[in-house]
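[1] I would like the atomic coordinates for the input below:
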Amino acid sequence: MAGLTLLFGLILASFCACPSNAAETGQTAQILRYENAHLDSDGYAFSFETSDGISREEKATLKNPGTPEEAIAVQGSVNWVGPDGVHYKLNYLADENGFQAQGEHLPQVEH
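    Prediction:
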């Protein structure tokens with residue numbers, strides 16, 4: 001479970017850096033919507049939306065419970081409006097294969 005804690009910490013840290021229009025204007029963002037479900041050992045799901053244009057949803061599921069291959073898979077997305085006025089969307093998957101992010105604003109790897 002130490003790996004699980006590290007995984008969640010990395011995911012959380014990656015989203016703390018998202019720009020916030022409210023922070024730039026000195027206003028406090030209001031929570032418009034918040035949902036939280038399935039808080040148990042098999043996973044969780046949550047979503048929220050704030051008045052400054054940020055929204056996020058995430059779902060985690062436990063894979064192969066009780067086996068040496070036990071792992072948690074976290075899938076989600078986050079949306080925000082950058083200081084440049086552009087709407088950004090980041091989709092991500094974090095599982096036994098690492099953190100995989102996708103978004104039009106991210107550099108693309110050529111194969």
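
[2] which residues pair with residue 47 across the strands?
    Counting by DSSP bridges, residue 47 is bridged to residue 35, residue 57.

[3] I meant to write residue 62 there.
    Bridge pairing for residue 62 - DSSP bridges - gives residue 72.

[4] all helices of the protein, in order?
    2-16, 21-25 (DSSP state H).

[5] looking at these, which has the lowest confidence?
    When these are compared by mean pLDDT, helix 2-16 comes last with a mean of 43.

[6] hang on, residue 30 packs against residue 54?
    No. Using C-beta atoms under 8 Å, residue 30 is not in contact with residue 54; the gap is 11.1 Å. Glycine gets a C-beta too; all of them are placed from N, C-alpha and C.

[7] Comparing those two, which shows the higher neighbour count?
    Per other C-beta atoms under 10 Å, whichever of residue 30 and residue 54 has more neighbours is residue 54, with 21 against 10.

[8] Which residue, other than its chain neighbours, is closest to the more buried one?
    Nearest non-adjacent residue to residue 54, counting by C-beta to C-beta, 6 or more residues apart in numbering: residue 80, 4.7 Å away.

[9] ok, the one you found - how many residues close by?
    Counted with other C-beta under 10 Å, residue 80 comes out at 20.

[10] The closest residue to residue 94 other than its chain neighbours and residue 66: what is the separation?
    In space, and not counting its chain neighbours, residue 94 is closest to residue 74: 4.4 Å by C-beta to C-beta, 6+ apart. Distance from residue 74 to residue 66, counting by C-beta to C-beta, to the nearest Å: 19 Å.
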